[in-house]
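**Q** Turn this into a structure:
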Amino acid sequence: MRIRILPAPPEVFLGRGQQLLRLRGLLAERRLLVLEGLPGVGKTSLALALANAVSDERPVGWCACREGWSLRSLLREASEWFGAEPQAEPPGTDLAEALVHLVHRLNQGRCALFVDDVHLLAPELLVTLLENARLYLREANLVLITARRPPLSPLELVDLCEVRLEGLDTPDGAALLARILDGAWGRPEVMTRISERLSGHPLLLKMFAALVQEGLARPEDLLADVPSLAREVLTRALQDLSAEELDCLQALSLAREPLRPEALSDPEAVRHLHRRFLVTRCPAGYQSPALVRETLARSLSEEVRRGLHAGLAGRLEDLLRRGYAAALAREVLFHHAQAGQLDRVERILLEHGGSLCSQGYYEDVLTCAAQPDSPPQLIVLRANVLSILGRWAEAMELLADLAARAGRPQERAEALTALAGAYLNTGRLSDALECYHTARAAAPGSLPALKALNYLTFIYAFRGQREEADRHADLAEQLALELGNRAGSAHCLRMRGVALLERGRFTQALEVSQECLERARELGAARLTCWALVNQAGALAGLGRRDEALAAVTRSLESARCSRDTQVEAFCHLILGELERDAGALDSALQSVARAREAFGCQGNRLGQSRAAFDQAQLLVEAGRLSEAERLLGDCLTASLHYGHYLLEARAREALAWLHLQRGELEEAAALARDHLARLGELLAPERLAEAHLILAECAYRRAGSRGGDWQTPEHLRQALELSRDVPAASVRALLLSAWLSPEPDSVRADHAGRARGLMEGLSGRLARQALAYQDRLARLMLRRFVVKTVERELVVGVEELESLRARRDDYALWIDFPARCVWERTRGEVDLMGRPILSALLLQLVRHTERRLTQEELFTAVWGYPYDPHQSPGELRKNISRLRNLLEPDRHSEQFAYIRLCPGLMKEKGRYYFAGSSFCLIEELETASD
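**A** This is a model prediction of the structure:
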C-alpha cells in the first residue's frame, strides 16, 4: 500500500527517547494524536523517528503541508501514499465525503498517517479535518504536527490526545552540544549552562554549536551578560553571511515550496547555510526552518522583497522552460505576482493557465488573472475558471461586458462562445444556441467558430435533434481539418461520442471515445482526457462490460477530484449509478445519482441537475417508491419545458406515462402520450415518437379489454412499427407489442415475434436487458392472474377484470395493490410503503390472515425470515407495527380506522396482532407466465 519512501529521521537525535516510547504507547491506545510545540523545538524530528519506528509494523504515510494548501491538496498528497484500489468505491464530490473516504482507506489498511505543519492550513479546514478524523478513525492513526494549538473548544480538545513538546532537558541539551562539538572544548558545566539558557531548544543548540565550530562565538562571551541568549544566537548565526549566502537564505524564506539547488543562485552557499543549520534538506530540496524564515521575512523591506521574488521567479521560470515539473508554473506565477511583474504574470497565465487549472489551482489563476486592463484572453480564462467553480453569475457578467466592448471579430467570438458555455451549464439552452450561432457568424473559419460548432453538436444531441447534431458534427470536423487544429479535432470526437451515446449506439461511441482518448493523451489535455474516459465508460456500460466501465469511470473520477472539476465528477457519478443499477444495487445507485445531482447543484448547473433527477426518478420506480418518482419526474418535465430541453421533456413524459400505466391510470398515460406527439412531433427523432404510439396502443387495448383493442390500437401499432424500423432497440419494443396486441392474423403476429427475437439477438448490454424486461412485462401483462381479497370474499381475476376493479378503487377505505406497487388510504391518499420492505411485508402478512390472531413469534418469523429472539424481537416488532399504524391510520382513536390491533386480554409479552379493516382490498399476483 505504501508507494513512497519515508524521509529518514535526523542523524543527530538525542534526548527524546522517553518521548518516543511514550508516543509509541499512545499510538497503540489513541487514534488521533496532536503533537504541538514551538518552531524548531524538534516536533518533525520526533515525529519522523516515530514514523520510521512503526513503519515495519504497518503502512505509514508522511505529508508535509505547504503555504496555500487546501484540504484537497492534503488529500492529493495522502493518496500518493495510500492509493485507492481500482474496484474501491470512488470518493464523493463533497470535501467532507472525500475525507471520510480517505479515513476509511486508512482504517482498512490499519495505516498511520503523519501530517506535518498543519498550522499552515486555514483554521476552518483544520477543524473539518479533525472533526472527520474524530468521528471515523477506528483502526488507523492520524498524527498531526503543528506549531499552534488547534482552534477547538475545550470540550472538543478532550477527544484529542494532545502532546505538548518542550525543549530538551538540561542534561540532554548538554549532551546534544557535546555530540555535535565532538570534544572541541570540554567544559561540561558551560554546556549545561548553555542548554539551560536556551531552554533545551534543539535548533538553537545546533546553531550555537555551529557558531562555536566556525570560531564565531565563545561560550563565555555569550554567557557573560546577554538579555536573551536565544536572540543572540540567532542574530550571530545570521551575521557574517556572504552576499550569495544571504541571497539564498532570503529566497528560501520567501519560497512556499522547498527549492531545488538549481533554483538557488549558489549551491555552495546553500551547503554552508546547511552546516550552520539555517536551512534543512528534504526530499524535494532545501527549505529554511520556520524560526529562521519568520525572523528573516519580517526584516525585509518591501523593495528588497520584490527584488527577491523577481529573482526567484526568473530562476524557477528557467527551470520550467528546461522541462521541469509543470507544478513549478504555480510558484513562478506566485513570485511574478509578488514582484508586481504583471506583464510576466499575463504571459505565464496564457502559457500555463490550462495546466494550472488541470492541477486544481483555480484560486491561484483567479487571483492572478484579476488584473486591471486584462487582455480578452485573460478575461475569458478567468470566466472559464469561475464557471468551473459554479460562479456562473460572475462569469456571465464578465463575458457579456467583454462581448459588448470587443473590437476584433475573433475576440467577440471568443467572448460569445465562453458566454454560451455559461448559459449552457445553467440550463439556458435557447440563449446558448443563439450565442454559439452568433459567435460562429462573427468569426467564421476561426477557432471560436470551431468551438461553437462542437458545442452546437452537443446541444442538439442532448435535445434529441439527431439531424442537426450530425450536420454540425460534420461541419466541425471539416473546419478542424482546414485549421489543422489537433485539439479542436479531438473535441469533435468527444462531441460526436456524446451524440452516439444519446442515440444508444454504444459500439460506435466506444470506437470514437477511444480515438478521442488517445488524442487527448497525446496532447496532454487533462480535462479532455477525463471527458473521453466519461464517454468511454458510458459506452462500455451500455455494452454490458461493467468491469471495464468501472475502471474507466474511476480513473476519470480520480483525476476530476484532484482538479476539483465537479462537472466531470457529476457525470462520473451518473455513470456509476447506471453501473450499480445494472448490477441490481439500487440503494448504491441512488446514492451515486444523488451525489451527481448535488455536484451539479453546487456549480449551479440546472441542466445537469434535471438530468440527474430523471435518473433518480427511474431508480425510485424500480425501488417501488412511486410517489417520490412521480414528484421528481414532474419537476423534470417542468424544468425541461422551461429550458427547452426536448429530449429530457420526451423522456420525462414517457416515464410518467409508463408510471401511470403501471398503476392502471390509462387516461393519464394516454394524455401524456398525446401531449408528447403534439409538442415534439416535428423536433425529435422518429424512434422517440414511436414510444408515444406504443403507450397509446397499450392504453387503447387495456380500455377495450380484448385482443385488438378498439379501433385506435392497430393505427398506433402501425405508426410505432413505421417510426422505429431504423432503430433496432425501439423496433424490438414495437414488434413485441404488435405480436401481443395486433388484430392481425396469427401468422402476422408470429412473424412479428420472430423478427423481434432476431433483432434482440443483435442487441447487447443495457439495450438487450431493456428489451428482455419489456418482453417479460408484456408476457406478465397478458397472462397474469391475480388474487383479490376483500372483507367479503377472495377471488382470482385476469388483467381485464383487474383494470375494471382498479377503476373502483375509491369504494374501499384501504387499497393494497402489490402488482402496481401502490398502497392507498381513502383519507391519506397514496402511502409510500413499497420502498420499505419490512413495513410492506408486515402489512401483507396481517391482511393475508385477516381476523386471525397472529402471535408475535409467528409474525416476526414470517416477516424477518430468521428465528424469533424473546429478548430483542418483540421490541423490533412493536416498533415497526407502530410505524405501520402511524402511516395507515388517520385516527388511531377511532374504531372505524383501527386497521391493526393488539388482541386484548393477553399479556404484552405474548400479545397477538390482527388486521381489522372494515373495507379493504388486497391484490396479489398469483402466477407469472413465461414466454
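**Q** From what I see, Ala720 and Ile695 are in contact.
**A** No: under the criterion of C-beta atoms under 8 Å, Ala720 makes no contact with Ile695, lying 9.3 Å away. In short, each C-beta sits where N, CA and C put it, glycine included.
**Q** Contact partners for Asp116?
**A** The neighbourhood of Asp116, defined by C-beta atoms under 8 Å, 6 or more residues apart in numbering, consists of Lys43, Thr44, Ala47, Trp62, Cys63, Ala64, Cys65, Ile145.
**Q** same thing but 7 Å
**A** Residues counted as contacts of Asp116 (C-beta atoms under 7 Å, 6 or more residues apart in numbering) are Thr44, Ala47, Cys63, Ala64, Cys65, Ile145.
**Q** Next, count neighbours for Gly421.
**A** Taking other C-beta atoms under 10 Å as the neighbour definition, Gly421 ends up with a count of 23.
**Q** Quick one: classify it as helix, strand or coil.
**A** When the structure is reduced to helix, strand and coil (DSSP: H, G, I helix; E, B strand; the rest coil), Gly421 reads as helix.
**Q** How about it: what's its closest non-neighbour residue?
**A** Ser387 (6.4 Å; C-beta to C-beta, 6 or more residues apart in numbering).
**Q** same question, Gln775
**A** Leu736 (5.4 Å).
**Q** Now name the helix or strand holding the one you found.
**A** If you go by DSSP states H and E, Leu736 is part of helix 728-741.
**Q** how about Arg796, secondary structure?
**A** You called it Arg, but residue 796 is Val. Each residue gets one of three states, and Val796 gets strand by three-state DSSP.
**Q** if I pick it, what's in contact with it?
**A** With C-beta under 7 Å, 6+ apart as the criterion, the residues that contact Val796 are Arg785, Phe786, Val787, Leu926.
**Q** Now for the residues you listed: which two are most distant?
**A** Longest distance between any two of the contacts of Val796 is 7.9 Å, between Arg785 and Val787; criterion C-beta to C-beta.
**Q** so what sits against both of these two?
**A** Among the neighbours of Arg785, those also in contact with Val787 (C-beta under 7 Å, 6+ apart) are Val796, Leu926.
**Q** ok, back up a step: list the helices and strands the helix holding Leu736 packs on?
**A** Contact here means 3 or more C-beta pairs under 7 Å, 6 or more residues apart in numbering; DSSP states H and E; on that basis helix 728-741 packs against helix 686-704, helix 712-723, helix 746-761, helix 765-783.
**Q** thinking again about what came up before, nearest to Ala599 among the contacts of Val796?
**A** Scanning the contacts of Val796 for proximity to Ala599, where the rule is C-beta to C-beta, the winner is Phe786, at 43.0 Å.
**Q** Strand partners (parallel or antiparallel) of the strand or helix carrying that closest one?
**A** Secondary structure assignment for Phe786, by DSSP H and E: strand 785-790. Sheet pairing of strand 785-790 (DSSP bridges) gives strand 794-797 (antiparallel), strand 920-927 (antiparallel).
**Q** Please identify the buried residues of the first one?
**A** In terms of neighbour count (16 or more other C-beta atoms under 10 Å), strand 794-797 has its buried residues at Val797.
**Q** What of the longest one?
**A** Residues of strand 920-927 classed as buried by neighbour count (16+ other C-beta under 10 Å): Phe920, Cys921, Leu922, Ile923.
**Q** For the first one, which non-adjacent residue is spatially closest?
**A** Spatial nearest neighbour of Phe920, excluding adjacent residues (C-beta to C-beta, 6+ apart): Leu814 at 4.1 Å.
**Q** Break the chain into its domains for me.
**A** Structural domains annotated on the chain: 17-164, 170-224, 243-300, 302-374, 375-503, 685-783, 786-927, as defined by automatic domain parsing.
**Q** what is the mean pLDDT for the fourth one?
**A** Taken as a whole, domain 302-374 carries a mean pLDDT of 80.
**Q** Also the second one?
**A** Mean pLDDT, taken over the full extent of domain 170-224, equals 74.
**Q** CSV for the contacts of Val796, including pLDDT?
**A** Below are the contacts of Val796 laid out as CSV (pLDDT from 0 to 100):
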residue, pLDDT
Arg785, 76
Phe786, 83
Val787, 85
Leu926, 71
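**Q** ranges for the helices of the stretch 201-350 of the chain?
**A** 202-213, 219-224, 229-238, 243-254, 267-275, 290-298, 302-321, 328-338, 342-358 (DSSP state H, counting those that start in this stretch).
**Q** and the first one, what other elements does it pack with?
**A** Using 3+ C-beta pairs under 7 Å, 6+ apart as the contact test, the elements touching helix 202-213 are helix 170-181, helix 229-238.
**Q** Please list the residues outside that helix that contact it.
**A** Residues contacting helix 202-213 (C-beta under 7 Å, 6+ apart): 40-42, 168, 173, 176-177, 180-181, 184, 194-195, 198, 217, 219, 230, 233-234, 236-237, 275-277, 289, 291.
**Q** Report the backbone C-alpha coordinates of stretch 786-802 in CSV.
**A** Provided in CSV are the C-alpha atoms of stretch 786-802 (Å, rounded to 0.1, in the frame of the first residue of the first chain):
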residue,chain,number,x,y,z
PHE,A,786,-54.3,-12.1,-9.6
VAL,A,787,-55.7,-12.9,-6.2
VAL,A,788,-58.1,-10.2,-4.9
LYS,A,789,-59.0,-10.4,-1.2
THR,A,790,-61.7,-8.2,0.4
VAL,A,791,-63.6,-8.4,3.6
GLU,A,792,-66.4,-10.3,1.9
ARG,A,793,-64.6,-12.6,-0.5
GLU,A,794,-61.4,-13.9,-2.2
LEU,A,795,-61.3,-14.5,-6.0
VAL,A,796,-58.9,-14.9,-8.9
VAL,A,797,-59.1,-12.4,-11.8
GLY,A,798,-57.3,-11.6,-15.1
VAL,A,799,-55.9,-8.4,-16.4
GLU,A,800,-59.2,-7.1,-17.8
GLU,A,801,-61.1,-7.8,-14.5
LEU,A,802,-58.3,-6.2,-12.5
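**Q** starting at the chain centroid, how far to it?
**A** The chain centroid and the centroid of stretch 786-802 are separated by 48 Å, computed with C-alpha atoms, centre = their mean, to the nearest Å.
**Q** Could you list the buried residues of it?
**A** The neighbour-count criterion (16+ other C-beta under 10 Å) identifies Phe786, Val787, Val788, Lys789, Thr790, Val797, Val799, Leu802 as the buried residues of stretch 786-802.
**Q** picking up where we left off before, of the domains of the chain, which approaches Gly584 most closely?
**A** Each of these has some distance to Gly584 by C-beta to C-beta; the shortest is domain 685-783, at 10.8 Å.
**Q** ok, back up a step: in this structure the residue nearest to Phe920 contacts Ser918, no?
**A** No: look at Leu814 against Ser918 with C-beta atoms under 7 Å: they stay out of range, at 9.2 Å.
**Q** of all the buried residues of stretch 786-802, which comes closest to Met760?
**A** Comparing every one of the buried residues of stretch 786-802 with Met760 (C-beta to C-beta), the shortest separation belongs to Val799, at 23.9 Å.
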